[in-house]
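Engineer: would you be able to build a 3D model of this:
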Amino acid sequence: MAKQMPHQNLLRTTTLASLLALTGCAVGPNFHEPAAPATSGLIAEKLPTKVGDADQGSQSLAIDSAIPAQWWTLFHSKALNDLVEAALRNNPTIDAANAAVRQADELAAAQRGSYYPTVNANYNPTRQKVAHPLASPAASGAEYYTLHTAQLNIGFVPDVFGSNRRTVESLDAQAEMQRYQLEAAKLTLASNVVVAAIQEASLRAQINATRDLIKAQQKILDSFKRQLELGQVAQTDVMGQETQLAQSEATLPPLEKQLTQTRDLLISLAGKLPAEDLMQQFTLDDLHLPETLPVSLPSNLIEQRPDVRAASAQLHSASAQVGIAVANRLPSFQISGSIGNSSLDLGDLFKPGGGFWNIAGNITQPIFDAGTLKHRQRAAEAAYDQAAAQYRSTVITAFQNVADSLHAIVSDAEAVRAYQKAERTAKRSLDITQQQLALGNVGSLTVVNAEQAWLQTQLALVGAQANRLSDSAALIQALGGGWWSDTGA
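Structural biologist: Have a look, this model is predicted:
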């Protein structure tokens with residue numbers, strides 16, 4: 001039989017150890033995706049298929065309809081589309097989330113390296129002097145000599161009980177969680193841009209309504225002053241109208257401040273500094289209420305919400321950590337070896353006769369550690385229970401978000417209908433009151449009250465219209481935003 005060479009023995013031993021690691025068991029729990037909640041609806045009452053009417057804008061609720069990845073296009077505003085896309089490109093929050101994904105992927109890939117042996121090359125030249133009483137190891141018997149040593153060091157830790165496999169599993173789950181957090185960051189950013197744009201449009205409408213009212217009140221004040229000169233009204237009537245005008249003017253600066261701050265918010269969401277302005281400006285006429293709102297089935301919600309998927313991945317990671325803690329209490333195995341050559345002359349380093357090799361094995365079984373490993377396992381199990389509770393909480397919050405948005409959409413449509421009726425009634429009342437004032441049939445206080453009622457209904461109508469837009473965006477966000485439909489990702 002042919003004699004086995006040293007490096008062949010080392011390779012054979014390492015191969016057998018690798019096979020042993022692959023056939024070993026991974027201790028600890030095997031993770032299974034949590035089941036979807038057993039519920040038949042998103043809200044307790046029957047979900048309407050349509051809200052609103054042609055007068056204030058109707059919306060259809062399409063059950064089990066697909067949500068587009070670029071869901072903001074449902075508002076049919078090119079300016080809004082451009083701003084959301086710019087924010088997704090330039091906002092540093094997305095860059096940070098992307099970097100977190102890359103980091104998690106690299107950490108998982110690095111851990112997979114533990115499946116294989118490590119091989120290190122080493123070259124060690126040493127200059128030595130031998131004491132006179134000792135024999136020189138050099139063939140020439142020289143007291144001074146240089147020893148050149150080159151070797152390969154090989155180490156391998158067989159994954160007999162799956163500690164490394166569970167570690168890779170945990171890191172893969174962490175990477176998965178980071179990917180879902182990236183999707184959640186994109187969804188949140190897009191939603192914030194849409195809501196801020198709607199807020200800007202609402203503020204512009206409120207400012208315009210307030211300015212119109214101020215103009216109307218100024219006209220009435222001018223009329224009162226002329227009538228005062230003719231002795232037709234009292235000084236108190238003029239002062240009352242001046243007070244009303246001043247109160248209306250006082251409401252304008254806070255609205256303008258909110259508008260500038262909303263603009264600053266949109267600029268920052270787009271990844272710019274406050275000194276840089278945006279080309280896009282938004283009014284309620286530029287934003288169209290989505291005619292069809294997709295509504296997912298309850299069983300699909302946990303698959304669509306990125307925060308729920310991230311919580312599930314975190315639960316998976318915690319499950320793998322339990323397996324790691326269990327494996328740490330079991331025996332660990334290690335194989336190491338080296339092969340190389342030594343020579344007194346660098347030119348003779350790899351010639352026959354100077355070779356050496358060694359193989360060593362090591363088994364370690366924890367015997368006494370004062371309960372350290374036991375308590376670490378219990379801590380990992382407690383962390384798993386915590387992650388499971390957090391997952392359930394995330395699922396409950398997801399269903400609550402959807403229910404809140406659906407209720408808001410139904411209520412918003414009713415609110416717009418009511419405020420439209422109130423605004424029309426208040427405007428007719430104001431027109432009639434102003435005519436009666438010109439005829440001398442009513443006093444100035446009646447006109448002031450009519451003006452105030454009209455302003456309040458106008459502002460309330462603007463707010464209700466903006467709420468319908470915002471809550472439409474909130475529903476899509478609550479349903480997950482359609483990230484899974486992005487075929488270009």
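Engineer: quick check, pLDDT for the nearest residue to residue 436 once chain neighbours are set aside.
Structural biologist: Among residues not flanking residue 436 along the chain, residue 442 sits closest, at 4.4 Å (Cβ to Cβ, 6 or more residues apart in numbering). For the C-beta atoms, the positions are set from N, CA and C on the backbone; glycine is no exception. Confidence at residue 442, expressed as pLDDT, is 80.
Engineer: go on, residue 360?
Structural biologist: At residue 360, the pLDDT value in this model is 93.
Engineer: tell me the SS of it?
Structural biologist: Here residue 360 is strand, with the state taken from DSSP: H, G, I helix; E, B strand; the rest coil.
Engineer: isn't it up against residue 336?
Structural biologist: Yes - taking contacts as Cβ atoms under 8 Å, residue 360 lies within contact range of residue 336: 5.2 Å.
Engineer: looking at these two, which one has more neighbours?
Structural biologist: Neighbour count, other Cβ atoms under 10 Å: between residue 360 and residue 336, residue 336 has more, with 16 against 10.
Engineer: before we move on, the earlier item: distance of the residue nearest to residue 436 from residue 433?
Structural biologist: 6 Å (Cβ to Cβ, to the nearest Å).
Engineer: these two - which one has more neighbours?
Structural biologist: Legend: neighbour count by other Cβ under 10 Å for residue 442 and residue 433, higher for residue 433 (20 against 16).
Engineer: list the contacts of the more buried one.
Structural biologist: 442, 446, 447, 450 (Cβ atoms under 8 Å, 6 or more residues apart in numbering).
Engineer: what helices and strands are in contact with the helix or strand where the second one lies?
Structural biologist: Secondary structure here is read from DSSP states H and E; on that basis residue 446 sits in helix 444-478. For helix 444-478, the helices and strands in contact under the criterion 3 or more Cβ pairs under 8 Å, 6 or more residues apart in numbering; DSSP states H and E are helix 163-229, helix 235-250, strand 292-295, helix 372-439.
Engineer: redo those as JSON lines? Include distance to residue 303.
Structural biologist: Below are these laid out as JSON lines (distance: least, Cβ to Cβ, whole Å):
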{"stretch": "helix 163-229", "distance to residue 303": "11"}
{"stretch": "helix 235-250", "distance to residue 303": "51"}
{"stretch": "strand 292-295", "distance to residue 303": "15"}
{"stretch": "helix 372-439", "distance to residue 303": "11"}
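Engineer: the ones you listed into JSON lines, with extra columns for mean pLDDT and distance to residue 92?
Structural biologist: Listed next are these as JSON lines, based on pLDDT from 0 to 100; distance: least, Cβ to Cβ, whole Å:
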{"stretch": "helix 163-229", "mean pLDDT": "92", "distance to residue 92": "10"}
{"stretch": "helix 235-250", "mean pLDDT": "88", "distance to residue 92": "39"}
{"stretch": "strand 292-295", "mean pLDDT": "91", "distance to residue 92": "31"}
{"stretch": "helix 372-439", "mean pLDDT": "93", "distance to residue 92": "26"}
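Engineer: and residue 343, which of these is closest to it?
Structural biologist: helix 163-229 (38.1 Å; Cβ to Cβ).
Engineer: most distant residue from the middle of the protein?
Structural biologist: In the chain, the residue that sits farthest from the middle, by Cα atoms, centre = their mean, is residue 133; the gap is 74.3 Å.
Engineer: for that residue, give me its contacts.
Structural biologist: Residue 133 touches nothing, counting by Cβ under 8 Å, 6+ apart.
Engineer: checking it next. Helix, strand or coil?
Structural biologist: Per three-state DSSP, residue 133 ends up coil.
Engineer: next: residue 149.
Structural biologist: Residue 149 ends up strand, using three-state DSSP.
Engineer: try residue 69
Structural biologist: coil.
Engineer: looking at it, it is touching residue 304, isn't it?
Structural biologist: No - applying Cβ under 8 Å as the test, residue 69 and residue 304 come out as separate, 11.7 Å apart.
Engineer: anything in contact with each of the two?
Structural biologist: In contact with both residue 69 and residue 304: 482, 484, using Cβ under 8 Å, 6+ apart.
Engineer: who's more crowded, the two?
Structural biologist: Between residue 69 and residue 304, residue 304 has the larger neighbour count (other Cβ under 10 Å), namely 20 against 16.
Engineer: could you find the closest non-adjacent residue to the more buried one?
Structural biologist: residue 480 (3.3 Å).
Engineer: you'd agree that neighbour is in a helix?
Structural biologist: No - applying three-state DSSP, one finds residue 480 to be coil, outside a helix.
Engineer: cheers, nothing more for now.
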